[in-house]
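1. Here is my input, please return the structure:
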Amino acid sequence: TNIKLSESNHIHFPHPSTFNRGECIMNPVRYFVVLSLQRSGTGWFNSLLNSHTNISMYGELFAYRYLKQDIEKTIDTLDKVYNMDLEENITPKNECTSAIGFIWMLHQNVIRYRNVTVPYIKSNGILPIFLFRKNPLRCIISLAAAVNDETKNVTEKFHTMSKYEAHVLASYKPTINKVTLVSNIKYMKKQISKCFKLFNDTPHIRIYYEDLLKNPDKWLDQVQDFIKVPRQKLRSDQIKIHNGPISSLVSNWEEIVETLNGTKYQKFLYED
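-> I've put the predicted structure just below:
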């Protein structure tokens, strides 16, 4: 459910120190953040939003090399993002930016330092966009396939731009650790639940990857309306890697079925 947006708290006029916005200086800007978990379609979502002529969006700013930085450096990075001063790769725009944001994974200190991050987001009128999968088992399998085998050159191959590469990556079937499977699903569900609770009183929109795949235009229109940019047909050159049934994606499906059957998570065996 989307909470009604209060306009006055979410209109900003950044004055960056690194460049001159020129005629765009009087153009209002909305701030947003995509809160998500790994392997939830964030790369695809990022490329879709960046195809909009008035949206400037960064990818993951706190991945890997940033994970150990302290919360003060995190806040400093956020200040630079929303003042349009961050010197990172971003798709150049020929028109005025009307919305700016980035992808923030929940494990990248969002929840750990929630006493700082949540007030920052709320007090600065930043609009949360939740992007999650309905089926966390898919996340676990996708992550295992992406990072488990360096010899097959799949490490960090989270997204692909070619059909051939998608075919190669999809051919790798990881073995899922059945011992930690239930606890991993439980942890992911708990993180998502915490996220919803933390921002329950904040204007937000919930997007599920499965729904986005089935009806991208509907949900992308809702996102554009939420951050108050004119609707455009958004496009991405990224190709989905895994298209088969969930049972075809792993090498030990029988063990997964045996592990989840009889638990409250068994429904994820049949939800694609």
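2. Which of the helices and strands in the chain ranks last by mean pLDDT?
-> helix 163-170 (a mean of 61; mean pLDDT, DSSP states H and E).
3. Other residues contacting the helix or strand that that one is followed by?
-> Going down the chain from helix 163-170, the next helix or strand is helix 178-198, by DSSP states H and E. Identification of contacts with helix 178-198 by Cβ atoms under 8 Å, 6 or more residues apart in numbering yields 35, 37, 106-107, 110-111, 114, 118, 130, 132, 136-137, 139-140, 206, 252, 255-256, 258-260, 263, 265, 268. C-beta: built from backbone N, CA, C; applies to glycine.
4. List the residues that contact residue 113.
-> Contacts of residue 113 (Cβ under 8 Å, 6+ apart): 71, 74.
5. Likewise for the one 5 residues further on?
-> By Cβ under 8 Å, 6+ apart, residue 118 lies in contact with 198, 199.
6. what mean pLDDT would you report for the helix or strand hosting it?
-> For residue 118, the host element (DSSP H and E) is helix 114-123. Averaging pLDDT along helix 114-123 yields 97.
7. Using PDB, write out the CA atom coordinates for the helix or strand that it is followed by.
-> Per DSSP H and E, the first helix or strand lying C-terminal to helix 114-123 is strand 126-132. The C-alpha coordinates for strand 126-132 follow below in PDB (Å, rounded to 0.1, in the frame of the first residue of the first chain):
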ATOM      1  CA  ILE A 126      13.900  10.600   0.500                       C
ATOM      2  CA  LEU A 127      11.300   8.300  -1.000                       C
ATOM      3  CA  PRO A 128      11.900   4.600  -0.400                       C
ATOM      4  CA  ILE A 129      11.200   2.200  -3.300                       C
ATOM      5  CA  PHE A 130      11.200  -1.400  -2.000                       C
ATOM      6  CA  LEU A 131      12.300  -3.900  -4.600                       C
ATOM      7  CA  PHE A 132      12.200  -7.600  -3.400                       C
END
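8. residue ranges with poor pLDDT in the stretch 1-150 of the chain?
-> 1-7, 64-69, 89, 147-150 (pLDDT under 70).
9. again with the stretch 151-272 of the chain
-> The stretch 151-272 of the chain contains residues with pLDDT under 70 at 151-171, 239-243, 272.
10. Mind doing that once more with 80?
-> The model of the stretch 151-272 of the chain has pLDDT under 80 over residues 151-172, 238-244, 271-272.
11. Pull out the buried positions in the host helix or strand of residue 258.
-> Element membership for residue 258, per DSSP H and E: helix 253-260. Residues 253, 256, 259, 260 are the ones in helix 253-260 that count as buried (16 or more other Cβ atoms under 10 Å).
12. Check stretch 218-231 too.
-> 219, 220, 223, 224, 226, 227, 228, 229.
13. with those residues in mind, which one is nearest to residue 213?
-> Closest approach between the buried residues of stretch 218-231 and residue 213, by Cβ to Cβ: residue 219, at 9.5 Å.
14. and that closest one, what does it touch?
-> 207, 211, 212.
15. host element of it?
-> Residue-wise, residue 219 maps onto helix 216-226 under DSSP H and E.
16. gap between the helix holding residue 258 and the chain center?
-> 28 Å (Cα atoms, centre = their mean, to the nearest Å).
17. any residues touching it, and which ones?
-> So helix 253-260 is in contact with 137, 176, 178, 181, 182, 247, 250, 266, 268, 269, going by Cβ under 8 Å, 6+ apart.
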